[in-house]
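Engineer: Need coordinates for the following:
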Amino acid sequence: MKLKMKKGYSLVWGEPKGHGYCGDGTTVPVDLVHNGQVIAHYVTCPCGRGCGNKDVVLCDALGSHDLEPAIEEARAE
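Structural biologist: Below you'll find the model as predicted:
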């Protein structure tokens, strides 16, 4: 599921560090970018839902609003 962002904002996912599976300790760097400038950096799990006490950068299927605060503000309604 792709998170809809306000104009000028995007999430840029980096390369996974690990085997690439949720729950195996793999981490993925994610940058919040606004008009080409990185404004926040996060480390999450491969699914983006914050497994293992990592950053929540992707909303769940129910549309919860428990994202990192800067991402929540950049999220399109």
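Engineer: then the helix or strand of the chain with the lowest mean pLDDT to PDB, C-alphas only?
Structural biologist: None of the helices or strands of the chain scores lower by mean pLDDT, DSSP states H and E than helix 69-74, at a mean of 90. Only the C-alpha atoms of helix 69-74 are listed here, as PDB (Å, rounded to 0.1, in the frame of the first residue of the first chain):
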ATOM      1  CA  PRO A  69       4.800  13.000  13.600                       C
ATOM      2  CA  ALA A  70       6.600  14.700  10.600                       C
ATOM      3  CA  ILE A  71       5.300  12.000   8.200                       C
ATOM      4  CA  GLU A  72       1.800  12.300   9.700                       C
ATOM      5  CA  GLU A  73       1.900  16.100   8.900                       C
ATOM      6  CA  ALA A  74       3.000  15.400   5.300                       C
END
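Engineer: tell me which strands and helices that helix is in contact with?
Structural biologist: Judged by 3 or more Cβ pairs under 8 Å, 6 or more residues apart in numbering; DSSP states H and E, the packing partners of helix 69-74 are strand 28-34, strand 37-44. Where you see a C-beta, it was placed from the backbone N, CA and C, and this is true even at glycine.
Engineer: Mean neighbour count added to the ones you listed, as JSON lines?
Structural biologist: Output for the helices and strands packed on helix 69-74, formatted as JSON lines (neighbours: other Cβ atoms under 10 Å):
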{"stretch": "strand 28-34", "mean neighbour count": "18"}
{"stretch": "strand 37-44", "mean neighbour count": "15"}
